[in-house]
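Peer 1: Starting from these lines, generate the structure:
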Amino acid sequence: MPENKKVVQELTRDQIRAKMFTSHEFKREEITVFGTKIEIIQPSLGQILKAQENPDRSDAIIDLMIEYCYVPGTKEKVFEPADKDGMKKFPAGKEIVKISDAIGRMTSIDVADAEKN
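Peer 2: Numbers count the residues shown, from 1 in each chain. Alright, predicted model coming up:
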């Protein structure tokens, strides 16, 4: 009886690179906060690295909200940097936790833990 060996096709470096550098589908998740739907879009590696470079972690969740909250089905961000002071007046509670949790699911990062560092 012949052995059933799975044949693995080895790709060249150029083929591997072509596959890795082609456009990728970013995860999207709609959530409802403060009675309205927003969409969280998975950040790119570059966005994550940029966020980690920021030494001022006091506004971490606000910065994440500005970067990753979108009008559902669009590429239009809900917030902009000029909104920071107003966003600081949002009630700290389950609505903010929903956003934080969704960002965490998109990045596989524990946002609460990342804010501590």
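
Peer 1: just the strands in the protein please.
Peer 2: All strands of the chain, identified by DSSP state E, fall at 28-33, 36-41, 69-70.

Peer 1: quick one: low-confidence ranges for the protein?
Peer 2: Applying pLDDT under 70 to the chain flags residues 1-8, 109-117.

Peer 1: Please export the C-alpha coordinates of the longest helix belonging to it as PDB.
Peer 2: Ranked by residue count and defined by DSSP state H, the top helix of the chain is helix 94-107. Extracted in PDB, the C-alpha atoms of helix 94-107 (Å, rounded to 0.1, in the frame of the first residue of the first chain):
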ATOM      1  CA  LYS A  94     -19.300  49.700  30.100                       C
ATOM      2  CA  GLU A  95     -19.500  51.700  26.800                       C
ATOM      3  CA  ILE A  96     -15.800  52.500  26.800                       C
ATOM      4  CA  VAL A  97     -15.000  48.900  27.900                       C
ATOM      5  CA  LYS A  98     -17.000  47.700  24.800                       C
ATOM      6  CA  ILE A  99     -14.700  49.700  22.500                       C
ATOM      7  CA  SER A 100     -11.600  48.600  24.400                       C
ATOM      8  CA  ASP A 101     -12.600  44.900  24.200                       C
ATOM      9  CA  ALA A 102     -13.400  45.200  20.400                       C
ATOM     10  CA  ILE A 103     -10.000  46.800  19.800                       C
ATOM     11  CA  GLY A 104      -8.400  44.000  21.800                       C
ATOM     12  CA  ARG A 105     -10.200  41.300  19.700                       C
ATOM     13  CA  MET A 106      -9.000  43.000  16.500                       C
ATOM     14  CA  THR A 107      -5.400  43.100  17.600                       C
END
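
Peer 1: and that helix, which residues are buried?
Peer 2: 96, 98-104, 106-107 (16 or more other CB atoms under 10 Å). Just so you know, the C-beta spots here come from the backbone N, C-alpha and C atoms, and that holds for glycine as well.
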